[in-house]
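> Requesting a structural model of the entry that follows:
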Amino acid sequence: MPFNITSIKTSSNGVWQGDNPLNFAFPLLIVQTFLILVLSRFLAFLLKPLRQPKVIAEIVGGILLGPSAFGRNKDYLHQIFPSWSMPVLETVANIGLLFFLFLVGLELDLSSIRRSGSRAFGIAFCGISLPFICGIGVAFVLRKNVEGADKVGYGQFLVFMGVALSITAFPVLARILAELKLLTTQLGETAMAAAAFNDVAAWILLALAVALAGNGSGQHKSPLISIWVLLSGVAFVVFMFLVIRPAMKWVARRCSPERDVVDEAYICLTLAGAMVSGFMTDLIGIHAIFGAFIFGLTIPKEGEFAERLIERIEDFVSGLLLPLYFASSGLKTDVAKIRGGEAWGLLVLVISTACAGKIIGTFAVAMMFRMSVRESLALGFLMNTKGLVELIVLNIGKEKKVLNDETFAILVLMALFTTFITTPTVMAIYKPARRSSALAHRKLRDLTNTDESKDELRVLACLHSLGNVPSVISFIESTRSTKKSQLKLYVMHLVELTERSSSIIMVQRARKNGLPFINRLRRGEWQDRVAAAFQAYSQLGRVSVRPTTAISALPTIHEDICQVAETKRVTMIILPFHKQWRGEGDDQTADNVGHGWRLVNQRVLKNAPCSVAVLVDRGFGNGTQTPGPTTPVAQKVCVLFFGGPDDREALELGGRMAEHPAVKVTVVRFVGKEGSDNDSVTLRPSPSKSGEKNYSFSTAKMNREKEKELDEAAVAEFRSKWDGIVEYIENKASNVVEEVLGRGQCGDYDLIIVGKGRFPSPMVAKLADLQAEHAELGPIGDLLASSNCRVLSSVLVIQQHDMAHVEETPVAKVVHEKDHAKLKGDGSSGVGDISKEV
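Below is the predicted model:
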């Protein structure tokens, strides 16, 4: 029954006046949007363990809501997705698509494509050519076997099928590479560059297909019209790059970081420009999304203007409007149209041809460029990713009546399958090789025991933001010996990879800086301000500095940190604490970067292949002068020594800092009072096993007498080496908490260095039943890092690398026993051993 579109009203008068809101456009749109978002998010949650891109969940959600599944119930379909509502839903979805393609244009950096070289171009060219030819072959088969497919002109159908099989979805591929942690590998760089070439070629071919398709009648038309459409399209692109691009460069300069405020008028005019560009290409006869995409390409990628644009529209477009487009594609897909063995055979043929053409073409060229067999095969599967762009092609084909329902359903399922298999297949085929580093120095003590002229100290410093730079530079400078400049510093800028597509822009910028790993100077400039700060330091301080960027989701970013530490054979990792203090004295306020970053630190402490130091910054390097070879004493450092492997590492670090003439080091050794050895401390594992509220100690079996000998030897060696240079104090404190906090609150020291204390001395063990605020720092580190204790000094908590100490358990109880003959029976103890005695 035909429906009069002019009779549709926007909003209802409400149920109390007898109106059903589902019979009105706006309330129905709200219900449809809610259903689509809830279902797609639920499916994304289910598919997350399989590491599938979000686009898979959104397409499957649309198919389930449409005639293939829920839509088999005609009452539901006519009530929730009636035919009269589809133009409204698709109009809103297409607004989202237009702005998303504008964002894709913003992400695609043409200059980086030009720099990608012949290998990426060759892989992209063959990765398009062979599947395109295969697509033409499949088109002949479909025209003969699918009813109604032969009613469309040969040229239109062949080009659409060729484009559908040869496309690689650049945004989806970038997300998959990020999930697999391949963005920072040579394979990821090649795949991204080839996909960018592929993307540009796909849009050109799609423009050709749309020009050939004409007015959507599916009928033959004069070739002259197609020529006019193509010529007009070329003229539009030339105009955009010759006239609009310089204008957008001027706008971007007006919105540069030097100007504090970006004028809202520029943002609004730019967004309006995307819509006007879309209107112009629609006027020409090419789809409106082309105009928005080309306009996005004209906007400069340097500076903050592109980022500001993305911040304004990305969440609304990608989170709300774009899922509507994918869902509308699923609603048009009726799997029931694929009937009988012949139709399903055609689906298998299309899938196998698409995969074979793309994978074999890419594999062959990659092998010609001397890539390994595994890399070439993985690259083939990566380039076989379809997704977003594929759906756009198919929707335009259906809109223009080039593809009928059965062909459309076959091609949508093909796009779903090829994208779905990418992640598991690449995970199975390709694992980046990790270089063995058996000779690496895992802790500072290893360097002391070797010939220092041959071995340099390698440090990996991690940063969240520019705020971490002064403290890290001050700390690194204070550890650098002025006798030999044997220090190599790797600086890793940690960037959280979110679901937002602008994360991919960060990836591209990082690649300009020289990813996969270490950033070299390119054209004498480093791209971001973090790297620029360390560039200046490396020139002044004669330190070898190599910046790198880790872009990963927070739950897995520790893997990037540990892998770089392993690959670069670093001796110590420096992590910024998840809180940073601002102000002085009682006016201090703590900035918390988030609990997620605290969990990152905890995972690095557990999995690091070397020693780890957590820097609690209270203005270290801000108020004082950064030490230099000729400056007077600029920094005062205090090392608190209780005993144990972690404290010996802290003492070793203090010795390195003592070599610097501008650093005054004080070592405070806490020793028990005479007769206190009779106070045995027994630790029990926490019943709750909570590592958040209870301190964790090593379960390793260790010889306490031997540990005591090692402590004495380390202190004796330290004192003999630095006698007269380092102030050494022995403290027989009755109250350890008061003494430690007194050192932190007095303001005499810029930095206090403590060991984490995983194998605690009796004095530290007595603190184990205190309520922990930051359990990962150990009892002493937690006291000094506490928000409530008004400590003025910055704190460095160091954990020595030792595989024997990896296993830890939270401790809940402290029991004092006068009679501890059992514990001294064999001289061995650990948390596990002691707790068994209780």
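> Can you give me the buried ones in stretch 67-77?
Using 16 or more other Cβ atoms under 10 Å as the test for burial, stretch 67-77 gives 67-68, 70-71, 77. C-beta here means a position set from N, CA and C on the backbone, and glycine is covered the same way.
> Dump those residues into a markdown table; add distance to Lys398 and secondary structure as well.
Compiled in a markdown table, those are given as follows (distance: Cβ to Cβ, whole Å; DSSP: H, G, I helix; E, B strand; the rest coil):
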| residue | distance to Lys398 | secondary structure |
| --- | --- | --- |
| Pro67 | 14 | coil |
| Ser68 | 15 | coil |
| Phe70 | 21 | helix |
| Gly71 | 17 | helix |
| Leu77 | 18 | helix |
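> how about those in JSON lines, adding pLDDT and distance to Ala366?
Below are the buried residues of stretch 67-77 laid out as JSON lines (pLDDT from 0 to 100; distance: Cβ to Cβ, whole Å):
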{"residue": "Pro67", "pLDDT": "87", "distance to Ala366": "41"}
{"residue": "Ser68", "pLDDT": "86", "distance to Ala366": "37"}
{"residue": "Phe70", "pLDDT": "88", "distance to Ala366": "43"}
{"residue": "Gly71", "pLDDT": "85", "distance to Ala366": "43"}
{"residue": "Leu77", "pLDDT": "85", "distance to Ala366": "47"}
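> show me what contacts Glu717?
Residues near Glu717 by Cβ atoms under 8 Å, 6 or more residues apart in numbering: none.
> Buried residues, stretch 710-717. List them.
711, 714-715.
> so how many other residues sit close to the closest residue to Ser794 other than its chain neighbours?
Nearest residue to Ser794, sequence neighbours excluded (Cβ to Cβ, 6 or more residues apart in numbering): Phe620, at 3.6 Å. Phe620 has 25 neighbouring residues, counting by other Cβ atoms under 10 Å.
> Am I right that Phe620 falls within a helix?
No: applying DSSP: H, G, I helix; E, B strand; the rest coil, one finds Phe620 to be coil, outside a helix.
> check contacts around it.
Here Phe620 is in contact with 470-471, 474-475, 750-751, 794 (criterion: Cβ under 8 Å, 6+ apart).
> gap between it and Ile473?
For Phe620, the distance to Ile473 equals 10 Å [Cβ to Cβ, to the nearest Å].
> again with Asp723
30 Å.
> Then Val795?
18 Å.
> Compare the two and say which is more crowded by neighbours.
Comparing Val795 with Ile473 by other Cβ under 10 Å, the one with more neighbours is Val795, at 27 against 24.
> For Ser552, list each beta-bridge partner.
Glu496 (DSSP bridges).
> again, but for Phe697
Counting by DSSP bridges, Phe697 is bridged to Thr809.
> Next, count neighbours for it.
For Phe697, using other Cβ under 10 Å, the count is 27.
> In this structure it contacts Val811, no?
Yes: Phe697 is within contact range of Val811, at 5.7 Å (criterion: Cβ atoms under 8 Å).
> So which other helices or strands are in contact with the one helix or strand Gly742 maps to?
Counting by DSSP states H and E, the element that carries Gly742 is helix 736-745. Packed against helix 736-745 by the contact rule (3 or more Cβ pairs under 8 Å, 6 or more residues apart in numbering; DSSP states H and E) you find strand 635-641, strand 663-670, helix 778-785.
> now the angle from the following helix or strand past the last one to helix 736-745?
Per DSSP H and E, helix 778-785 leads on to strand 794-799 as the next helix or strand towards the C-terminus. In this structure, strand 794-799 runs at an angle of 130 degrees to helix 736-745, with axes from the mean of the first three to the mean of the last three Cα atoms, to 10 degrees as the basis.
> Buried residues, strand 794-799. List them.
794-799.
> cool, and stretch 773-786?
Counting neighbours by 16+ other Cβ under 10 Å, stretch 773-786 gives 774-786 as buried.
> got those residues as a markdown table, with pLDDT and distance to Gly96 columns?
Converted to a markdown table, the buried residues of stretch 773-786 look like this (pLDDT from 0 to 100; distance: Cβ to Cβ, whole Å):
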| residue | pLDDT | distance to Gly96 |
| --- | --- | --- |
| His774 | 85 | 43 |
| Ala775 | 85 | 45 |
| Glu776 | 87 | 43 |
| Leu777 | 88 | 46 |
| Gly778 | 87 | 50 |
| Pro779 | 88 | 53 |
| Ile780 | 89 | 54 |
| Gly781 | 89 | 49 |
| Asp782 | 88 | 48 |
| Leu783 | 88 | 52 |
| Leu784 | 88 | 51 |
| Ala785 | 87 | 46 |
| Ser786 | 84 | 48 |
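> Among the residues you listed, pick out the one closest to Leu50, please.
Of all the buried residues of stretch 773-786, Glu776 has the smallest distance to Leu50: 31.3 Å, by Cβ to Cβ.
> What strand or helix carries the closest residue to Leu47 other than its chain neighbours?
Of all residues not flanking Leu47 in the chain, Ala57 sits nearest, at 5.5 Å (Cβ to Cβ, 6+ apart). Using DSSP H and E, Ala57 sits in helix 54-65.
> How far does that helix sit from its chain's centre?
24 Å (Cα atoms, centre = their mean, to the nearest Å).
> sorry, back to before: can you get me a residue count around the residue nearest to Leu47?
Neighbours around Ala57, by other Cβ under 10 Å: 22.
> which residues sit in contact with it?
Ala57 neighbours (Cβ under 8 Å, 6+ apart): 40-41, 43-44, 46-47.
> Pull out the buried residues from these.
Neighbour counting over the contacts of Ala57 (16+ other Cβ under 10 Å) leaves 40-41, 43-44, 47 as the buried ones.
> Just the ones of those in helices?
40-41, 43-44, 47 (DSSP state H).
> ok, so of those residues, who is nearest Glu496?
Ala44 (18.3 Å).
> which non-adjacent residue is nearest Val545?
Closest residue to Val545 apart from its sequence neighbours, by Cβ to Cβ, 6+ apart: Ser538 at 3.8 Å.
> Would you confirm that that neighbour contacts Ser544?
Yes: assessed by Cβ under 8 Å, Ser538 is found in contact with Ser544 at 6.9 Å.
> Find the residues that touch each one of the two.
Here Ser538 and Ser544 have Leu489 as joint contacts, going by Cβ under 8 Å, 6+ apart.
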